[in-house]
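*Asks:* Sequence and predicted model, in that order:
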Amino acid sequence: MAKIIDISKWQGNINWAKVATEDIGMATLRASCGLSKDTKVDEYAKNCQAYHIPYGVYHFAYFTNITRAQQEADFFYNAAKNLNPRYWVLDYEESNIVATWNKGATYQDQIKAALDAFCARLRSHGVERIVIYTWEWWGKQLPDDRYHWAWRWYAHYGKNTGEPSSVVNGCQLHQYTSKGKVNGISTNVDLSQLKDGATIDQLLGNTPTDTASKPEATVEQDPTATVEEEKETTLPVGAKYVRINEPKTWNVRSGNGTAYGSLGFASQGEDFAYVAVADNGWLAFVYKPGVIGWISPKAAKIVVK
């Protein structure tokens with residue numbers, strides 16, 4: 001199993017030549033903390049590039065209100081934008097946030113509003129591949145329909161032996177220990193594993209289970225949409241379904257091609273209410289209430305129930 005590591009300045013000077021001898025699937029580098037840039041992130045990113053280790057960045061959050069959340073999102077983006085990260089992580093676990101959450105329903109709404117504001121601000125900068133990292137108990141408070149565009153990364157250590165030993169569900173990434181060992185790093189390292197059929201390729205934006213095509217507009221905006229396609233969108237809900245028929249986990253895209261961002265994932269046997277089919281064969285369906293998703297024709301077929 002490839003090691004998924006996350007590191008910050010606290011790992012100090014790293015022997016990257018030795019790290020490269022390990023089977024590292026990807027590394028998540030801390031870019032910022034509150035309104036401070038991690039002093040090692042530029043160095044770490046250059047070494048990841050030099051040793052061909054895929055990497056993303058994370059921000060350790062302190063915000064508990066909307067204004068501060070927007071400030072931290074801007075700071076995070078500016079600290080990391082020139083590092084060319086493959087994905088962006090919001091680390092939302094600081095004790096002050098938990099303490100605020102525990103004050104009651106009003107404060108819980110405040111925390112959720114701040115989280116929404118941070119993510120909206122980061123997405124406004126053009127960032128699409130976002131992961132929310134937090135403790136399992138808190139992550140389960142986040143409604144799926146509100147954060148369907150984000151991966152979930154939960155920390156749950158079990159006995160914290162350095163090896164996978166605990167069960168966690170409802171996430172794509174599981175951080176299972178804070179006592180991991182990696183050749184070339186003298187300190188303990190947080191290690192994670194993939195969950196629920198997620199793959200490293202999906203997180204990095206590689207799409208071996210997608211069919212490449214040029215970006216096109218959605219059905220509502222596509223000037224080349226056929227009359228037949230437009231008529232089919234008016235069929236009664238439930239008349240047709242898009243069924244995932246390939247034994248893999250597939251990206252659900254926001255448009256009909258791999259250039260569009262991922263809304264989440266779909267697996268073999270799942271059925272979704274049919275919407276339309278584009279000229280390139282991609283299928284549109286109701287992924288979640290109010291959300292139209294698209295999937296490669298390699299992954300699914302239209303069925304009538």
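*Replies:* All right, it came through fine.
*Asks:* For the strand or helix carrying residue 192, give me every contacting residue.
*Replies:* Per DSSP states H and E: residue 192 is located in strand 189-194. Applying C-beta atoms under 8 Å, 6 or more residues apart in numbering, the external contacts of strand 189-194 come out as 1, 3-7, 11, 153, 162, 164, 172-178, 180-182, 200. In this view, the C-beta of every residue, glycine as well, is placed from N, C-alpha and C.
*Asks:* tell me how far the lengthiest helix in the chain is from the chain's mean position?
*Replies:* Longest helix of the chain, by residue count under DSSP state H: helix 105-124. Mean-position distance between helix 105-124 and its chain equals 17 Å (C-alpha atoms, centre = their mean, to the nearest Å).
*Asks:* now do stretch 269-280
*Replies:* From the chain centre to the centre of stretch 269-280 is a distance of 23 Å (C-alpha atoms, centre = their mean).
*Asks:* in that stretch, what's buried?
*Replies:* By 16 or more other C-beta atoms under 10 Å, the buried positions in stretch 269-280 come out as 270, 272, 274-278.
*Asks:* give me the beta-bridge partners of residue 286?
*Replies:* residue 292 (DSSP bridges).
*Asks:* just the helices in the stretch 1-150 of the chain please.
*Replies:* Using DSSP state H, counting those that start in this stretch, the helices assigned to the stretch 1-150 of the chain run over residues 16-19, 41-50, 66-80, 95-101, 105-124, 136-139.
*Asks:* just those helices: most buried one?
*Replies:* helix 66-80 (a mean of 20; mean count of other C-beta atoms under 10 Å).
*Asks:* Packing partners of that helix?
*Replies:* strand 24-33, strand 55-60, helix 105-124 (3 or more C-beta pairs under 8 Å, 6 or more residues apart in numbering; DSSP states H and E).
*Asks:* how far away is the residue nearest in space to the middle of the chain from residue 291?
*Replies:* By C-alpha atoms, centre = their mean, the chain has its centre lying nearest to residue 151, at 3.1 Å. In this view, residue 151 and residue 291 are 16 Å apart by C-beta to C-beta, to the nearest Å.
*Asks:* related to what we said a few turns ago, next step: the contacts of strand 189-194 restricted to strands.
*Replies:* Secondary structure defined by DSSP state E assigns 3-7, 153, 173-178, 180 of the contacts of strand 189-194 to strands.
*Asks:* Highest neighbour count among the residues you listed?
*Replies:* Neighbour counts for the ones in strands among the contacts of strand 189-194, by other C-beta atoms under 10 Å, peak at residue 176, which reaches 28 neighbours.
*Asks:* Grab the nearest non-local neighbour of it.
*Replies:* Counting by C-beta to C-beta, 6 or more residues apart in numbering, residue 164 is the residue found nearest to residue 176 once chain neighbours are left out, at 4.7 Å.
*Asks:* what's the burial count for the one you found?
*Replies:* Neighbours of residue 164 under the rule other C-beta under 10 Å: 15.
*Asks:* ok, now residue 145?
*Replies:* 9.
*Asks:* Could you give the backbone dihedrals for it?
*Replies:* Backbone torsions for residue 145, taken as degrees, to the nearest 10, come to phi -70, psi -20.
*Asks:* Next one: it from residue 287, what distance?
*Replies:* 10 Å.
*Asks:* ditto for residue 7
*Replies:* With C-beta to C-beta as the criterion, residue 7 and residue 287 are 34 Å apart.
*Asks:* Skipping adjacent residues, who's closest to residue 10 in space?
*Replies:* Excluding its sequence neighbours, the residue lying closest to residue 10 (C-beta to C-beta, 6+ apart) is residue 187, at 6.7 Å.
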